[in-house]
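J.: please work out how this folds:
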Amino acid sequence: MIRIAVDAMGGDLGPSVTLPASLAFLNAHAEAQLLLIGQATAMQGQAAFVALRGHPRCQIQEASEVVTMDDPIEVALRRKKDSSMRVAINHVKNGAADVAVSAGNTGALMAIARYVLKTLDGIDRPAIAFPLPNAAGGVTTVLDLGANVDCTEDHLLQFAVMGSALVAAMSGHETPSVGLLNIGEEAIKGSEVIKKAGELLRSAGKSGDINFFGNVEGNDIFKGTVEIVVCDGFVGNVALKASEGLASMISGFIRAEFSRNIFTKMAAIVAYPVLKAFKNRVDHRRYNGAALLGLRGLVFKSHGSADAMAFECALQRAYDSAQNRLLEKVKDRIAHAAPLLALASANVQTGHGPLAQPLQQTTL
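T.: This next block holds a predicted model:
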């Protein structure tokens, strides 16, 4: 059994989304157990609550507090110690759950998960990794997507190692290709941090720690040039939001073409199967569920505005990660890359060596 702790209160819509999604997920997965954490009064008002309360593979636990979407991180971390989000992560720490899922406040989730679970040896900062659909028919996993705005070159190396473990675990391809997001393919382009990160990633490629392709540009994310794209959290978050905006634009365009005039209506009806397939292909809800990598436990972040379908997809990704032993594979990759990770970290921290690049770090 794969045991998933669910923050039932997280997200813009809370139990009205998380409970029906959880029920649908349980009904589709005989090897899953759910531990739903939330406020009883809020959950009892949902139609799915009765079915979940009587389900043999579901437990419901009450939490007295909720981390809201606009709570400052300090409040979520220091004052709300019995929040549904924190209780869910605590269950991962004490072994009662294999993975936790929340649609709540991203900064709070990252801060609480980092505080409760701690980072793995060799990892300075956790990263958020998310799959984006590409033209090659698969997905491109991008990290970081917002956990770390300012990154040093050794952080980008850590992201590449962890991203490789994630894709290998989820796809079965042991040597996924890694690209470094830059303003051009040439090694001489980009900021000093990016140039030095390129040096590190090339070294990691030679040592067999990753399968480094080279520099890639923004359009390569959606071309499917590589399986993994590494970048800092500022750039990654912009890319994520742009992709969501593109998907919304395509959906709006299809709706508009059906209602413009009789000729476009007729053309749209003929093309409907193709348009529908394309719309489904780029529907960001189908790819919901971002992994928080680098922690001593598995945590997945659902989009805050997720509907029931999207939240169920996040549960699916969390389930797959636990089933495919993602945490163990991340640890194995980090252990293999430990000498290079240690050298890069030492150079950055001391300001010495060819890879040194002092950079002010920010914390969540």
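
J.: can you classify Phe130 by secondary structure?
T.: strand (DSSP: H, G, I helix; E, B strand; the rest coil).

J.: tally of neighbours for it?
T.: 26 (other CB atoms under 10 Å). Every residue, glycine included, has its C-beta placed from N, CA and C.

J.: for it, list the residues it contacts.
T.: 141-143, 145, 240, 287, 289-291 (CB atoms under 8 Å, 6 or more residues apart in numbering).

J.: just give me the least confident of those.
T.: pLDDT across these is lowest for Leu240, at 84.

J.: am I right that that one is in a helix?
T.: Yes. Assigned with three-state DSSP, Leu240 falls within a helix.

J.: tally of neighbours for it?
T.: Neighbours around Leu240, by other CB under 10 Å: 20.

J.: take the contacts of Phe130 and keep only those in helices.
T.: Judged by DSSP state H, the contacts of Phe130 include Leu240 as members of helices.

J.: list the beta-bridge partners for the residue nearest the centre of the chain.
T.: Among the residues of the chain, the one closest to the centroid is Ala290, at 1.7 Å (CA atoms, centre = their mean). Beta-bridge pairing for Ala290 (DSSP bridges): Lys301.

J.: spit out the contact partners of it.
T.: 128-130, 145, 300-302.

J.: turn these into JSON lines, including distance to Lys81.
T.: Output for the contacts of Ala290, formatted as JSON lines (distance: CB to CB, whole Å):
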{"residue": "Ile128", "distance to Lys81": "24"}
{"residue": "Ala129", "distance to Lys81": "28"}
{"residue": "Phe130", "distance to Lys81": "29"}
{"residue": "Leu145", "distance to Lys81": "27"}
{"residue": "Phe300", "distance to Lys81": "22"}
{"residue": "Lys301", "distance to Lys81": "20"}
{"residue": "Ser302", "distance to Lys81": "22"}
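
J.: just name the closest of those to Val178, please.
T.: Set against Val178, the nearest of these by CB to CB is Ala129 (12.1 Å).

J.: on that earlier part again, which of the contacts of Ala290 sits closest to Ala5?
T.: Phe300 (10.5 Å).

J.: chain neighbours aside, what residue packs nearest to that closest one?
T.: Nearest residue to Phe300 in three dimensions, chain neighbours excluded: Ala318, at 4.2 Å (CB to CB, 6 or more residues apart in numbering).

J.: need the contact list for the one you found.
T.: 4, 99-101, 289, 298, 300.

J.: min pLDDT across these, which one?
T.: Among those, Gly289 has the lowest pLDDT, at 93.

J.: and it, how far is that from Ser102?
T.: The gap separating Gly289 from Ser102 is 11 Å, by CB to CB, to the nearest Å.

J.: who has more neighbours out of those two?
T.: Taking other CB under 10 Å, Gly289 and Ser102 do not tie; Ser102 has more neighbours (33 against 26).

J.: isn't that one up against Ala88?
T.: Yes. Between Ser102 and Ala88 a contact is recorded at 6.3 Å, counting by CB atoms under 8 Å.

J.: next, show the common contact partners of those two.
T.: By CB under 8 Å, 6+ apart, the residues touching both Ser102 and Ala88 are 6-7.

J.: re the thing from before, can you give me the pLDDT of the residue nearest to Phe300?
T.: 97.

J.: how far away from the center of its chain is the helix or strand hosting it?
T.: In this assignment (DSSP states H and E), Ala318 forms part of helix 308-323. Relative to its chain's centre, helix 308-323 lies at 11 Å (CA atoms, centre = their mean, to the nearest Å).

J.: for it, buried residues please.
T.: For helix 308-323, burial by neighbour count (16 or more other CB atoms under 10 Å) applies to 308, 310-319, 321-323.

J.: sorry, back to before: make JSON lines out of the contacts of Ala318 and add secondary structure and distance to Ala28.
T.: Shown next, in JSON lines, are the contacts of Ala318 (DSSP: H, G, I helix; E, B strand; the rest coil; distance: CB to CB, whole Å):
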{"residue": "Ile4", "secondary structure": "strand", "distance to Ala28": "13"}
{"residue": "Val99", "secondary structure": "strand", "distance to Ala28": "17"}
{"residue": "Ala100", "secondary structure": "strand", "distance to Ala28": "20"}
{"residue": "Val101", "secondary structure": "strand", "distance to Ala28": "15"}
{"residue": "Gly289", "secondary structure": "coil", "distance to Ala28": "15"}
{"residue": "Leu298", "secondary structure": "strand", "distance to Ala28": "20"}
{"residue": "Phe300", "secondary structure": "strand", "distance to Ala28": "17"}
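
J.: just those now: which is nearest Gln59?
T.: Ile4 (10.9 Å).

J.: list the contacts of that closest one.
T.: 32-35, 97-101, 315, 318-319, 322.

J.: give me that answer again for 7 Å
T.: 32, 34, 97-99, 101, 315, 318-319 (CB atoms under 7 Å, 6 or more residues apart in numbering).
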